[in-house]
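1. any chance you can model this:
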Amino acid sequence: MHRLVSHCCCNEFGDLCSPAFLKRQGTPEDIGDFGRFDCIVTEHQRTEGVWTFRGDSGDKIIDVTGRITVNHIGVARELVIGGVGLGILPNIMCQNDVRNRRLVRVLNGWESPSLEVSATFLGRRKESRRLRAFLDVMSEQLNSGDRPPAAALRASR
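-> This is a model prediction of the structure:
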């Protein structure tokens, strides 16, 4: 048996918050301003200790302490929607929230590094037709045109 890996998609992340949060706290002017705003971080983000952003001027890393730390990205999303703070969340998870204006992009011109989504499975030298069909559907759904690209998320603000 071999361990096989199939690439499904790249998951991009956005700096998001609720419109109510922006109204109450104001809008950060720059990535460096995040330190003075309430942030919602996951255990993983706290362990890393930083949020990394990519822009035209290169990479920028900021220290993250966070007002609240959670152990599940879904809980982070709910807190951000509720106006508790701003967060770095997967665009694919928040596409409907952005479309329905429950969440807005905080800063334009900056992206968080994407995360590759892969399926790992045990198999012989080649995957079965059923597995291939499943992987194709997963990849298609994760890469569907129904999901707005990061540029559309930036423009939603």
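
2. where do the strands of this structure begin and end?
-> In the chain, the strands defined using DSSP state E lie at 2-17, 39-42, 50-55, 58-63, 68-70, 86-90, 104-105, 110-123.

3. select the longest helix from this protein.
-> Longest helix in the chain by number of residues (criterion: DSSP state H): helix 129-142.

4. could the strands of the chain go into a markdown table alongside mean pLDDT?
-> Shown next, in a markdown table, are these (pLDDT from 0 to 100):
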| stretch | mean pLDDT |
| --- | --- |
| strand 2-17 | 74 |
| strand 39-42 | 90 |
| strand 50-55 | 78 |
| strand 58-63 | 81 |
| strand 68-70 | 91 |
| strand 86-90 | 91 |
| strand 104-105 | 93 |
| strand 110-123 | 74 |
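
5. return the most buried member of those.
-> Of the strands of the chain, the one with the most neighbours on average (mean count of other CB atoms under 10 Å) is strand 86-90, at a mean of 24. From N, CA and C alone the C-beta is placed, and that goes for glycine too.

6. what pairs with it, and is each one parallel or antiparallel?
-> Sheet partners assigned to strand 86-90 using DSSP bridges are listed as strand 2-17 (antiparallel), strand 39-42 (parallel).

7. all set now, cheers.
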